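Trainee: Predicted model and sequence follow; I will ask about them next.
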Amino acid sequence: MTNKTIYLLIGPKGSGKSFIGTLMDQKFGIPFIRVEDWAKKVKKDRKIDNEDYLSDVFSAIERGIRHSLDMHDKIVFESTGLTPYFEQMFKSIKRDFSVVTIGVHANHELCLHRVKSRDQSNHINVSDEQVNEINKQVTNKEMRTDMQLINEGKSVEELVREMRDILK
């Protein structure tokens, strides 16, 4: 294992993982790696639940994460944490790097509202029904994380203070 650290933000769609990752980049200098950019490149005309697509996505993410860690000692990226391909990638990066998982949470209605109102050029476009189904699966999975961050009803300053405590 190297002395490189990955902060992995895990939570439902719309919980604010990208927002938190961007804050970690801006406030703490930990590069936020937008893995959805890689997912969009390999998507082509496949649906988001296509098995070949999912396998390709997590292979691309792992390659990209490893490449990013060639240049940085710490990075942050995000995932809903679903699919066996996530699990395979997660186990692989945990073997070689220090991985700190941070659960990012917000209530269901707020998550759906955020997905509907966000800049779609930064995310893979999904329907309300798909958001609801994905978020239901994330909630049911109850993935254990090292830290928790509730991202609702807080100011940026409050979130930054909480992140500072997590990063200690």
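Mentor: Everything's here; your move. Numbering: from 1, shown residues only.
Trainee: Val131 versus Ile48, what's the distance?
Mentor: Here the criterion is Cβ to Cβ, to the nearest Å. By it, Ile48 lies 11 Å from Val131. Just so you know, the C-beta spots here come from the backbone N, C-alpha and C atoms, and that holds for glycine as well.
Trainee: Between those two, tell me which one has more neighbours.
Mentor: Counted by other Cβ atoms under 10 Å, Ile48 and Val131 do not tie: Val131 has more neighbours, with 19 against 15.
Trainee: Checking that one next. Helix, strand or coil?
Mentor: Three-state assignment for Val131 (DSSP: H, G, I helix; E, B strand; the rest coil): helix.
Trainee: Next, please give the residue ranges for the helices of this protein.
Mentor: For the chain, the helices defined by DSSP state H occupy 17-28, 35-43, 51-71, 84-96, 108-117, 128-141, 156-167.
Trainee: For the longest strand belonging to the chain, which strands pair with it and how are they oriented?
Mentor: When the chain is parsed with DSSP state E, its longest strand is strand 98-105. Using DSSP bridges, strand 98-105 pairs in its sheet with strand 5-10 (parallel), strand 147-150 (parallel).
Trainee: now the longest one: mean pLDDT?
Mentor: pLDDT averaged over strand 5-10 equals 97, rounded to a whole number.
Trainee: which other residues reach it?
Mentor: Contacts to strand 5-10, defined as Cβ atoms under 8 Å, 6 or more residues apart in numbering, come from residues 17, 20-21, 24, 30, 65, 69, 73-81, 90, 93, 97-104, 143, 145, 167.
Trainee: Tell me how far the spatially most central residue of the chain lies from His105.
Mentor: Computing the C-alpha centroid of the chain and ranking residues by Cα atoms, centre = their mean puts Glu78 first, at 1.3 Å. The spacing between Glu78 and His105, counted by Cβ to Cβ, is 13 Å.
Trainee: Now the common contact residues for these two.
Mentor: Residues touching both Glu78 and His105 (Cβ under 8 Å, 6+ apart): Gly11.
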